[in-house]
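Undergrad: kindly return the folded structure for what I paste below:
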Amino acid sequence: MQSPLDGSPAIFTHENAIASLTSIDILSGVSNLLIPRRRFPRTFCGEAPRTESVDRIPRFERRGTLAWKGFARSGRWLIVGGVVTALVMSSPAGGTPARAASTNGSAACMCAESENDRSLRQALQAVSKRLLAAREVAAYKEIHHLPISDPDREKVVIEAAVKKAEELGADPELVRQVVVDQIEASKIAQKGYQELWSTHPELRPENPSLDHAREEISQSTALLVESLVYLKGGEAQQHDVQDLVEKLKNQGLPSSPSDHAAGRALSTI
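TA: Here you go, the predicted model:
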């Protein structure tokens, strides 16, 4: 048997059946009170009772009596049917709670998926923002004749990210590997920019700010670590890599270093 509201299976138990029958008996009595049957007056002085023959009742009165009896009978059954339906739908063993539990389970699953998707989107945004800052870093280093690699600075960035991961409950080793990939991807992009500027110096930014670039990098790294609390790694798809490649190319980085930098940046996310 199915629930009349949502089509889910309805289950009757022994207790439900007893409760239903008891409620039917009670409400049948109530309906008798609310919809009384037509009764004739008592006889006096030996008069014959008027109920012994329907033919003795005037036609208009007889017609009304029969109609009233039909209405009363139908009304009682409508009330009984409504009570049974209400008992089935409100029963703890009925189909509605099971349906609700199933719905709650689906909602919880959807919430978990949404949280995972949100974290992945946040990680992709952080990687993109961090990698796009490589252009300004490369310009500053080239103008001031600084090497692309800076091991001391890289070590500070990695250890700070690992410490943050431990505080947030993320996997420290995953965070370490992801941050190392970001640093290597940035160096690939920086090298690609400087090679481009060696033949097209007019494309290099004129007044790069290393402080501004490092602020962008620090904020992006912190956001990336937060997203890795919910990610296990290996969730970025090929289209995510292609989107990052397009952003780098739009910034002026040639195709080859764009491909290599984007692939390295997303290799463990």
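Undergrad: secondary structure class for the nearest residue to Ala139 once chain neighbours are set aside?
TA: The shortest distance from Ala139 to any residue other than its chain neighbours is 3.9 Å, reached at Pro208 (CB to CB, 6 or more residues apart in numbering). Every residue, glycine included, has its C-beta placed from N, CA and C. The assignment at Pro208 comes out as coil when based on DSSP: H, G, I helix; E, B strand; the rest coil.
Undergrad: next, Pro208: phi, psi?
TA: Dihedral angles of Pro208 (phi, psi; degrees, to the nearest 10) stand at phi -70, psi 150.
Undergrad: what's the answer for Ala160, then?
TA: phi -60, psi -40.
Undergrad: for Glu206, see how far away it is.
TA: Going from Ala160 to Glu206 by CB to CB, to the nearest Å gives 31 Å.
Undergrad: before we move on, the earlier item: can you pull the pLDDT of the residue nearest to Ala139?
TA: Predicted confidence (pLDDT) for Pro208: 96.
Undergrad: same question for Leu203.
TA: Reported pLDDT for Leu203: 96.
Undergrad: wait, it sits on Gln194?
TA: No. Leu203 lies out of contact with Gln194 (CB atoms under 8 Å); the separation is 11.0 Å.
Undergrad: which of these two has more neighbours?
TA: Gln194 (15 against 12; other CB atoms under 10 Å).
Undergrad: residue contacts, that one?
TA: By CB atoms under 8 Å, 6 or more residues apart in numbering, the contact list for Gln194 reads 138, 141-142, 148.
Undergrad: which SS class is it?
TA: helix.
Undergrad: run a quick neighbour tally on the residue nearest to Ala139.
TA: 18.
Undergrad: so the nearest residue to Val180 once chain neighbours are set aside is in which element?
TA: Sequence neighbours aside, Ile158 is the residue nearest to Val180 in space, at 6.5 Å (criterion: CB to CB, 6+ apart). Assessed by DSSP states H and E, Ile158 sits inside helix 151-168.
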